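> How does the following fold in three dimensions:
(one chain, ligands or ions: 1)
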Amino acid sequence: MGRVALVTGGSRGIGAAISKALKAAGYTVAATYAGNDEKAKAFTDETGIKTYKWNVADYDSSKAGIAQVEVDLGPIEIVVANAGITRDAPFHKMTPEQWKEVVDTNLTGVFNTVHPIWPGMRERKFGRVIVISSINGQKGQFAQVNYAATKAGDLGIVKSLAQEGARAGITANAVCPGYIATEMVMAVPEKVRESIIGQIPAGRLGEPEEIARIVAFLASDDAGFINGSTVSANGGQFFV
Ligand code: NDP
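The predicted structure is shown next:
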């Protein structure tokens, strides 16, 4: 059995592609999800990857879920904090609830996911932390004050963990996808989708597998000197 990798939100969308790519690369993968049992079951039936249900926004649930994964599969050596949500609204209409839900999931959820795994990584002197941020955390986005703030905050988490973990053999890196052809993006009206595509120099959406291959590389031994980096994959839409 290969190293154990945990992928939050790993049952569908970009996370599912990441789970599959890591499995194909030889890792033993645990994929988490929030509540869509049907999708999770279909994913396990299709891939043989074990799924676990907990809310990343809740520290105690995350800690208990992670402990269970480690009992079932062994110590987690690769963690991909991918679970994320949007609750879009222009700022003047954004409710405190929309703000809080997104912060709890996309920002605190990364803390809740990595924090219980971190001590074991330090003890074993190896770890890979990979956080899925977003192009909109780099450049901001209309109606996404909440989302952009969390995704920018995720980059701060990664850069700080990179410094804390380096001597302990742990790397922490972020991937910032541009617009990717997941259910979320494919569900928007065709006209809106066409206008999104019109803003992408590549003239197309990204594929979940294009993000997954970056994650698989960052998880590999070959990526051992990449630490604190942000890998952008957005078809040329934004550079830093
Ligand atoms: P999807 O909506 O397709 O999938 C989200 C996954 O996260 C699902 O497995 C979902 O579980 C899980 N999830 C959501 N909330 C929670 C929670 N509170 N606790 C545990 N699991 C949760 O998302 P995408 O694949 O589109 O996005 C994945 C990541 O990539 C996100 O962080 C997103 O912000 C980021 N991203 C996406 C882009 C895109 O174009 N799609 C662009 C840039 C960044 P369940 O199935 O049970 O709901």
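
> make it CA atoms for all contacts and neighbour counts henceforth
Will do.

> what residues does stretch 185-197 touch?
Outside stretch 185-197, the residues within contact range by CA atoms under 8 Å, 6 or more residues apart in numbering are 179, 203-205.

> rerun at 7 Å
The contact list for stretch 185-197, computed with CA atoms under 7 Å, 6 or more residues apart in numbering, reads 203-205.

> Tell me which of these fall in helices.
Within these, no residue falls in helices by DSSP state H.

> Mind giving me the PyMOL select for the residues you listed, buried ones only?
In PyMOL, this line selects whichever of the contacts of stretch 185-197 come out buried by 16 or more other CA atoms under 10 Å:
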select buried, resi 204+205
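
> would TSV of the contacts of stretch 185-197 with pLDDT and distance to the ligand be doable?
Converted to TSV, the contacts of stretch 185-197 look like this (pLDDT from 0 to 100; distance: CA to the nearest ligand atom, whole Å):
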residue	pLDDT	distance to the ligand
Gly203	97	15
Arg204	97	12
Leu205	97	8
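
> between the contacts of stretch 185-197, which is nearest Lys139?
Among those, Leu205 lies closest to Lys139 (CA to CA), at 17.8 Å.

> And that closest one, how close does it get to Phe111?
Leu205 is 30 Å from Phe111, where distance means CA to CA, to the nearest Å.

> do Tyr33 as well
17 Å.

> Tell me the strands beside the biggest strand by length in the chain, with direction?
When the chain is parsed with DSSP state E, its longest strand is strand 170-177. Strand pairing for strand 170-177, using DSSP bridges, gives strand 127-132 (parallel), strand 230-233 (parallel).

> so what secondary structure elements neighbour whichever helix or strand Asp154 is part of?
For Asp154, the host element (DSSP states H and E) is helix 145-165. In this structure, helix 145-165 packs against helix 96-102, helix 135-139, strand 170-177, with contacts taken as 3 or more CA pairs under 7 Å, 6 or more residues apart in numbering; DSSP states H and E.

> about what we covered before: looking at Tyr33 and Phe111, which is more packed in?
Neighbour count, other CA atoms under 10 Å: between Tyr33 and Phe111, Tyr33 has more, with 22 against 19.
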